[in-house]
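Chemist: here's my sequence, what's the structure:
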Amino acid sequence: MLKITLSALFIFFISLNYLSAQDTNNISDECNIEKFENFLNCDLQTLKEKCGSGLSDSSPLKRNFTKQSFNNFVAEPLTCNGYSDPIFGMNYQIQVMYKWDLKKYKNGNKRMREAIKNKEKINMVLIYLYGPKEQQLGQLYDYLLKNKKSSGDINSISEVKEKKKNFALYSFDATKTFILVTPDYWGIGLDYYLAYVGSDFVTDIINSFLEIDEVKTGEDKL
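Modeler: Residues are numbered from 1 along each chain as shown. Prediction:
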C-alpha cells in the first residue's frame with residue numbers, strides 16, 4: 001500500500017492558469033482546462049479546441065486495463081498545451097475516456113463517434129505515469145490523502161505483484177479521484193495511473209473494475 005508523504009499535486013494543477021473559457025456555448029463555458037479534473041466538464045470536441053495542440057488523429061484506444069479484451073472503455077490520447085511539467089518528477093500521458101458497453105456498440109469507433117455526436121462529457125480522465133518511483137507515488141498518494149478525503153482501497157499493490165488480484169485502487173473524494181495499479185500488458189511489471197471520474201460514472205466504472213478482478217489462467221491473464 002502507498003504510504004509516504006506528499007504536498008504539491010494541486011499546487012501543480014493550480015499553476016496551470018493559462019486559459020480561460022470565453023465561448024458562449026454552455027459546455028464551452030463550463031469547460032476550462034486549468035486542472036485535469038476540469039476536463040470532465042468538457043465534451044471531446046470542445047476539449048480538443050481548448051487544448052490548442054488538440055487530440056491525436058489515431059484510432060481510439062480500447063482499454064479495460066487488465067485482460068485487454070477491449071470491452072470496457074474507448075479512449076483518445078490527449079496533447080494539451082500547458083500540461084508538460086512532470087507531476088512529482090513523473091512524466092505522464094493523458095487519455096480521455098468513455099465507458100463502452102460492448103453489447104450496445106460492437107465497434108469502439110462507433111461508440112466514440114456517438115459520444116462526439118451527442119457532445120457527451122468526458123467520463124474519465126486517465127493519466128498514465130511513466131516509470132514512477134515508490135517515493136514519487138508516495139508523494140502523490142499523501143497529497144491526495146491530505147487534500148481529498150479517502151474513500152478506501154480495493155486490493156493492494158502487493159496482491160497485484162503476486163498475481164492474486166488484477167488491480168489495486170486507492171480512492172479519494174467518493175472515488176471521483178483514484179490511483180490505479182494494474183499488471184502491464186506483458187504481465188511482468190506494473191502500470192500506474194491517476195484518474196478523475198465524472199460523478200455520474202463512478203458506480204459504473206468501479207463495477208467494471210470489480211467484474212475483471214478474478215485471476216485468470218493462461219492467455220486470459222491478459
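Chemist: and the closest residue in space to Leu40 that isn't next to it in sequence, how many neighbours does it have?
Modeler: Of all residues beyond its chain neighbours, the one nearest Leu40 is Gly198 (4.7 Å), with distances taken as C-beta to C-beta, 6 or more residues apart in numbering. In short, each C-beta sits where N, CA and C put it, glycine included. The tally of other residues near Gly198 (other C-beta atoms under 10 Å) stands at 20.
Chemist: same deal with Val181?
Modeler: When neighbours are counted by other C-beta under 10 Å, Val181 registers 24.
Chemist: and the lengthiest helix in the chain, what other elements does it pack with?
Modeler: Counting by DSSP state H, the longest helix found in the chain is helix 134-147. Packing partners of helix 134-147 (3 or more C-beta pairs under 8 Å, 6 or more residues apart in numbering; DSSP states H and E): helix 9-14, strand 168-172, strand 177-183.
Chemist: pick out the shakiest of the ones you listed, pLDDT-wise.
Modeler: Lowest mean pLDDT within these: helix 9-14, at a mean of 29.
Chemist: on that earlier part again, correct me, but the residue nearest to Leu40 touches Ile122?
Modeler: Yes: between Gly198 and Ile122 a contact is recorded at 6.9 Å, counting by C-beta atoms under 8 Å.
Chemist: between those two, which contacts overlap?
Modeler: Shared contacts of Gly198 and Ile122 (C-beta atoms under 8 Å, 6 or more residues apart in numbering): Leu40.
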